[in-house]
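>>> please find the sequence and the predicted model below.
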Amino acid sequence: MVKRPEHEHEDEQWIEGLTQEMKRVDQLFDDVPSPTLEGLHTLAVHTLERKRRRMKFELVLFLLIALFIVGGAMLAALSAPIILLFIHVFGMVAGGTILIFSKSLRSAGKKGIR
């Protein structure tokens, strides 16, 4: 396939336009200064402090929610101990029944033995 002269002219125009756009993009990114070492250090310190504060907040939130749940359970145990005892017995019986009748749970410890 031989290119005709009009296609060569279109290709040259396309390449020239692409080259101009690439130069324009290069000029846009040449003006962006790279951060200094002190700036990067400050950013790292700020990020670590923010992460530490977020972790402390999550810990306090976890403790408050845990306290609320435990307090609710204690209040329920004090106000209706028979119902709480029934729930515990039912949970133990259900867990034992599932363990006895589940083949996959019984054979879980035997996977390495043939």
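Nice, I can see it.

>>> what about the helix ranked longest in the chain, distance to the chain center?
Of all segments of type helix in the chain, defined using DSSP state H, the longest is helix 37-79. Remark: helix 37-79 is offset 17 Å from the chain centroid, using C-alpha atoms, centre = their mean, to the nearest Å.

>>> secondary structure element for Gly96?
Counting by DSSP states H and E, the element that carries Gly96 is helix 81-101.

>>> helices and strands around that helix, which ones?
In this structure, helix 81-101 makes packing contacts with helix 37-79, helix 103-106, judged by 3 or more C-beta pairs under 8 Å, 6 or more residues apart in numbering; DSSP states H and E. All C-beta atoms are positioned from the backbone trio N, CA, C, and that covers glycine.

>>> turn these into JSON lines, including mean neighbour count.
Supplementary listing: the helices and strands packed on helix 81-101 in JSON lines, determined by neighbours: other C-beta atoms under 10 Å:
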{"stretch": "helix 37-79", "mean neighbour count": "10"}
{"stretch": "helix 103-106", "mean neighbour count": "9"}
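
>>> comparing the ones you listed, which yields the minimum mean pLDDT?
Taking each of the helices and strands packed on helix 81-101 in turn, the one with the lowest mean pLDDT is helix 103-106, at a mean of 72.

>>> still on that earlier bit, buried sites along the helix holding Gly96?
Residues of helix 81-101 include none that count as buried (16 or more other C-beta atoms under 10 Å).

>>> could you give the angle of that helix to helix 37-79?
Helix 81-101 runs at 110 degrees relative to helix 37-79, counting by axes from the mean of the first three to the mean of the last three C-alpha atoms, to 10 degrees.

>>> name the helices or strands packed onto the longest helix of the chain?
Under the contact criterion of 3+ C-beta pairs under 8 Å, 6+ apart, the helices and strands touching helix 37-79 comprise helix 81-101.

>>> and the helix it packs on, average pLDDT?
What helix 81-101 shows for mean pLDDT is 89.

>>> CA atoms only: put that helix into CSV for me.
Taking C-alpha atoms only, helix 81-101 is exported to CSV below (Å, rounded to 0.1, in the frame of the first residue of the first chain):
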residue,chain,number,x,y,z
PRO,A,81,-32.3,-12.9,85.5
ILE,A,82,-34.5,-15.8,84.5
ILE,A,83,-34.7,-14.5,80.9
LEU,A,84,-31.0,-14.0,80.7
LEU,A,85,-30.4,-17.5,82.1
PHE,A,86,-32.8,-18.9,79.5
ILE,A,87,-31.0,-17.2,76.7
HIS,A,88,-27.6,-18.6,77.8
VAL,A,89,-28.9,-22.1,78.2
PHE,A,90,-30.6,-21.9,74.7
GLY,A,91,-27.3,-20.6,73.2
MET,A,92,-25.3,-23.5,74.7
VAL,A,93,-27.8,-26.1,73.6
ALA,A,94,-28.0,-24.7,70.1
GLY,A,95,-24.2,-24.6,69.8
GLY,A,96,-23.8,-28.1,71.1
THR,A,97,-26.5,-29.3,68.7
ILE,A,98,-24.8,-27.6,65.7
LEU,A,99,-21.4,-29.1,66.7
ILE,A,100,-22.8,-32.6,67.0
PHE,A,101,-24.8,-32.7,63.8
